[in-house]
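J.: here you go, sequence then predicted model.
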Amino acid sequence: MTVLTVNGKEHSINGDPNTPLLYVLRNDLKLNGAKFGCGLGQCGACTVLVDHQPVYSCLLPISVLEGRQITTLEGLGKNGEPSPLQRAFIEEQAAQCGYCIPGMIMRAQGLLNRKAAPSDAEIRAYMQPNLCRCGTHMRILRAIRRAVKDMRTARAEPVR
Amino acid sequence: MVWRILIGVIVVIAVAFGTFYAWAWRGEIPPLQAHDASSFDPSIVARGAQLAAVASCDVCHTKAGGKPYAGGYPVKTPFGTIYGPNVTPDRETGIGTWSAVAFRRAMREGVTRKGQHLYPAFPYDHFTYATDSDINAIYAFIMTREPVRQANRPPDIVFPLNIRLFAAGWKLLFLHRGPYRNEADKDDSWARGAYLTVSLGHCGACHTPRNKFGVEEQNRAFDGGEGEGWRAPPLNENSRAPVPWTADAMFNYLRHGYDTVHGHTAGPMANVAHNLSKASEKDVRAIATYVTSLSGARAGAANPESIKTAVTAASKLTAPAYGGTPAHQTTGSAAGKDSLGAKIFTGACVTCHHSGGGLPVSRPIDLGLSTVINEDDPTNLLHIILTGIHPLPGRAGRIMPGFEGALTDAQVVALADYLRTRFSHRPHWNTVAGALAKIRHQRQTAATEAPQ
């Protein structure tokens, strides 16, 4: 049995400890924010945070995650109460098909955890691993810039 | 009496210093009044571009995200950090006022146009062997680049080495001046390769160990050194490549950044391969011929049959697809199937690193063929586990993702121990935790340093 701490709550998982985190999140915990894209750590659709840093959940066995803080898209805001970053993605209409967006948001959150006001070059370099096939990159970048700005002003509190 | 001795000593010191100063003094070379980029012969400019690629000039003379050749790249040395200067033909901040004479003197003697001594982070100890015509071609290439106004950042060198005259003292003691002389009994390609490797290619700058004065130890040429926090593996008979290099494999590696038996370039070598993809193909073949010959008897013994045997032996160590049984399985050791390392490997690595089958992206080499797992030092393997392997600039696709945030220190150490035991016959590494701490520290510092 493996005990995982996801979005601040502990879950006991029965099953093969080699199971990738992504399968456990989606199949056992019904947290469907993270997506299966390639299963090879190439696209970033499965990105979640482990101890505040972005990781590919498709390539990470749950056996290495005991005692660590896992944050998924569902852990950022609540339904109807998006986090500042999620709200910025909504306001910039950064999703087209939307498949990459959970991973994009989690990677961007990883950057903001590390640096509150990254430069444009830093945002581009940090977001580089995550792929979007619709081509909404400019909107995604705008959303992250907006979130940076919002978090420095009163708009940081969640909207209802 | 005591006074006379003291005065004598002072006089001797003064005379010695005066002589050294006179030796070290370099005059200013008059500035070019103007230069006309269109005056250079295009074929010489093109040749210069290929030679500048062999020398990888852009690596140290371009900062991350900066304009090409405009400088600012931090070259870290044990004595402090030196920032590659602007070498675009800007008259104020670059080398737009430099004549060909001044450029040749800089390449050969490490002296600026104004006569200031340069630190040997600029590999003039190699460039000194380059021919006039090759240096002139690079000059033509550089002087026809876009001028960029970007002020140079002064070096952060520890006192007293920050006094430039120390660079002159270093040269007096350690700099051997060219021209380069070939061994006579070798064929043309080998000779050209030897010349390029030793001069413009400055391969020894990383692949030869340095002593405490930062001087390459010539009696241990190509015995492995360091570059940018990575190990530059030995190119001589101490190479740990499980399968001997051939000139063809070396050409693939240098030219395309990948060989089916030796895998991908990574770290600083990826930049070298990117540059060599723009060099003359003949020159890259020549370098491959020479560098392969450095491994002496190992290279001599390599033939298609022996390579095939070695590849088969190495791939026997390779992991089966998920759920299968490994070819050799020990228990209780770092390679035991219940070890932490084995679990991480099964969960995180086997998806790509199993034997057989295809992948939508590039196929990794069998880990039994991996040089980094067979090296004496785990540093390069740790770099790759943490940061992955990425395609050459402008090439398609991801290759290997890094596991920096995914694995804890203890997990990385367990994985490295497992890989070493499982895929190599070489002795256990005792230095993994220390090497890992060093890399994590380097990456932390790099992330917090304010970009300039």
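T.: Thanks, I have it. Numbering: from 1, shown residues only, chains lettered A, B, ... in the order given.
J.: sketch out the low-pLDDT regions of chain A for me.
T.: Scanning chain A for pLDDT under 70 picks out A:154-160.
J.: contacts only, for the residue of it found nearest chain B.
T.: When scored by C-beta to the nearest C-beta, chain A has A:Pro61 as its residue closest to chain B, at 2.3 Å. Every C-beta, even on glycine, is put in place using the N, C-alpha and C of the backbone. A:Pro61 is in contact with A:Pro17, A:Asn18, A:Thr19, A:Pro20, A:Leu21, B:Lys343, B:Ile344, B:Thr346, B:Gly347, B:Ala348, counting by C-beta atoms under 8 Å, 6 or more residues apart in numbering or on different chains.
J.: let's go with 7 Å and repeat that
T.: By C-beta atoms under 7 Å, 6 or more residues apart in numbering or on different chains, the contact set of A:Pro61 is A:Pro17, A:Asn18, A:Thr19, A:Pro20, B:Lys343, B:Ile344, B:Gly347, B:Ala348.
J.: the third one and A:Ile62 touch, don't they?
T.: Read that as A:Thr19. Yes. Using C-beta atoms under 7 Å, A:Thr19 makes contact with A:Ile62 at a distance of 5.6 Å.
J.: in terms of neighbours, single out the busier of those two.
T.: More neighbours surround A:Ile62 than the other of A:Thr19 and A:Ile62, with 25 against 18 (other C-beta atoms under 10 Å in any protein chain shown).
J.: that one is in contact with A:Tyr23, isn't it?
T.: No. A:Ile62 is not in contact with A:Tyr23 according to C-beta under 7 Å; the separation is 8.9 Å.
J.: from A:Ser119, how far out is the closest residue to chain A within the stretch 51-200 of chain B?
T.: Nearest residue of the stretch 51-200 of chain B to chain A (C-beta to the nearest C-beta) works out as B:Gly65 at 5.3 Å. Using C-beta to C-beta, to the nearest Å, we find B:Gly65 at a distance of 10 Å from A:Ser119.
J.: circling back: give me the pLDDT for the residue of the stretch 51-200 of chain B closest to chain A.
T.: Listed pLDDT for B:Gly65 reads 85.
J.: A helix includes it, no?
T.: No. Going by DSSP: H, G, I helix; E, B strand; the rest coil, the assignment for B:Gly65 is coil, not a helix.
J.: count of residues packed around it?
T.: For B:Gly65, the number of neighbouring residues by other C-beta under 10 Å comes to 12.
J.: does the closest residue to it other than its chain neighbours belong to a helix, a strand or coil?
T.: Distance criterion C-beta to C-beta, 6 or more residues apart in numbering or on different chains; nearest residue to B:Gly65, sequence neighbours excluded, is A:Ala121 at 5.3 Å. Under the three-state scheme (three-state DSSP), A:Ala121 adopts helix.
J.: the one 10 residues further on too?
T.: Assigned with three-state DSSP, A:Leu131 falls in the coil class.
J.: who touches the spatially most central residue of chain A in this structure?
T.: Chain A has A:Met106 as the residue nearest its centroid, 2.0 Å off, counting by C-alpha atoms, centre = their mean. Counting by C-beta under 7 Å, 6+ apart, A:Met106 touches A:Thr47, A:Val48, A:Leu49, A:Pro54, A:Leu73.
J.: so which other helices or strands are in contact with the helix ranked longest in chain A?
T.: Counting residues, the longest helix in chain A under DSSP state H turns out to be helix A:137-152. On a contact count with 3 or more C-beta pairs under 7 Å, 6 or more residues apart in numbering or on different chains; DSSP states H and E, helix A:137-152 meets helix A:84-91, helix A:101-114.
J.: ok, 8 Å please
T.: helix A:84-91, helix A:101-114, helix A:120-127 (3 or more C-beta pairs under 8 Å, 6 or more residues apart in numbering or on different chains; DSSP states H and E).
J.: now the angle from the longest one to helix A:84-91?
T.: Okay, so that is helix A:101-114. Going by axes from the mean of the first three to the mean of the last three C-alpha atoms, to 10 degrees, helix A:101-114 is angled at 140 degrees with respect to helix A:84-91.
J.: again, but for the last one
T.: Regarding helix A:120-127 and helix A:84-91, their directions subtend 100 degrees when assessed with the same axes, to 10 degrees.
J.: contact partners for the residue of the stretch 251-400 of chain B found nearest chain A?
T.: At 2.3 Å from chain A, B:Gly347 is the closest residue in the stretch 251-400 of chain B, using C-beta to the nearest C-beta. B:Gly347 sits next to A:Pro17, A:Asn18, A:Thr19, A:Pro20, A:Leu59, A:Leu60, A:Pro61, A:Ile62, A:Ser63, A:Val64 when contact means C-beta under 8 Å, 6+ apart.
J.: confirm it sits in a strand?
T.: No. Per three-state DSSP, B:Gly347 lies outside any strand segment and is helix.
J.: for stretch B:19-33, which residues meet the burial criterion?
T.: Of the residues in stretch B:19-33, B:Ala24, B:Arg26, B:Ile29, B:Leu32 count as buried by neighbour count, 16 or more other C-beta atoms under 10 Å in any protein chain shown.
J.: ok, back up a step: spatially, which two of the contacts of B:Gly347 are the most separated?
T.: A:Pro17 and A:Leu59 (14.7 Å; C-beta to C-beta).
J.: the two - which one has more neighbours?
T.: Set A:Pro17 next to A:Leu59 and count neighbours by other C-beta under 10 Å: A:Leu59 wins out with 23 against 16.
J.: okay, and the common contacts of A:Thr19 and A:Ile62?
T.: A:Ile13, B:Gly347.
J.: could you export the lowest-mean-pLDDT helix or strand in chain B as PDB, CA atoms only?
T.: In chain B, no helix or strand scores lower on mean pLDDT, DSSP states H and E than helix B:296-301, which sits at a mean of 73. Presented in PDB, the C-alpha positions along helix B:296-301 are these (Å, rounded to 0.1, in the frame of the first residue of the first chain):
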ATOM      1  CA  GLY B 296      45.500   3.700 -29.700                       C
ATOM      2  CA  ALA B 297      45.300  -0.100 -29.500                       C
ATOM      3  CA  ARG B 298      41.500   0.000 -28.800                       C
ATOM      4  CA  ALA B 299      40.900   1.800 -32.000                       C
ATOM      5  CA  GLY B 300      43.400  -0.300 -33.900                       C
ATOM      6  CA  ALA B 301      41.600  -3.500 -32.800                       C
END
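J.: run the chain-centre distance for it.
T.: On the basis of C-alpha atoms, centre = their mean, to the nearest Å, helix B:296-301 sits 24 Å off its chain's mean C-alpha point.
J.: could you do stretch A:141-151 as well?
T.: So, by C-alpha atoms, centre = their mean, the centroid of stretch A:141-151 is 16 Å from its chain's centroid.
J.: list the contacts of it.
T.: So stretch A:141-151 is contacted by A:84-85, A:87-89, A:91-92, A:94, A:108, A:111-112, A:116-118, A:120, A:123-124, A:127, A:156 (C-beta under 8 Å, 6+ apart).
J.: how does chain A divide up, domain by domain?
T.: Following automatic domain parsing, one gets these domains for chain A: A:2-75, A:84-156.
J.: pick the most buried one from the ones you listed.
T.: Most buried of the domains of chain A, by mean neighbour count (mean count of other C-beta atoms under 10 Å in any protein chain shown): domain A:2-75, with a mean of 20.
J.: measure that domain end to end?
T.: Chord length of domain A:2-75, first to last residue, is 20 Å (C-alpha to C-alpha, to the nearest Å).
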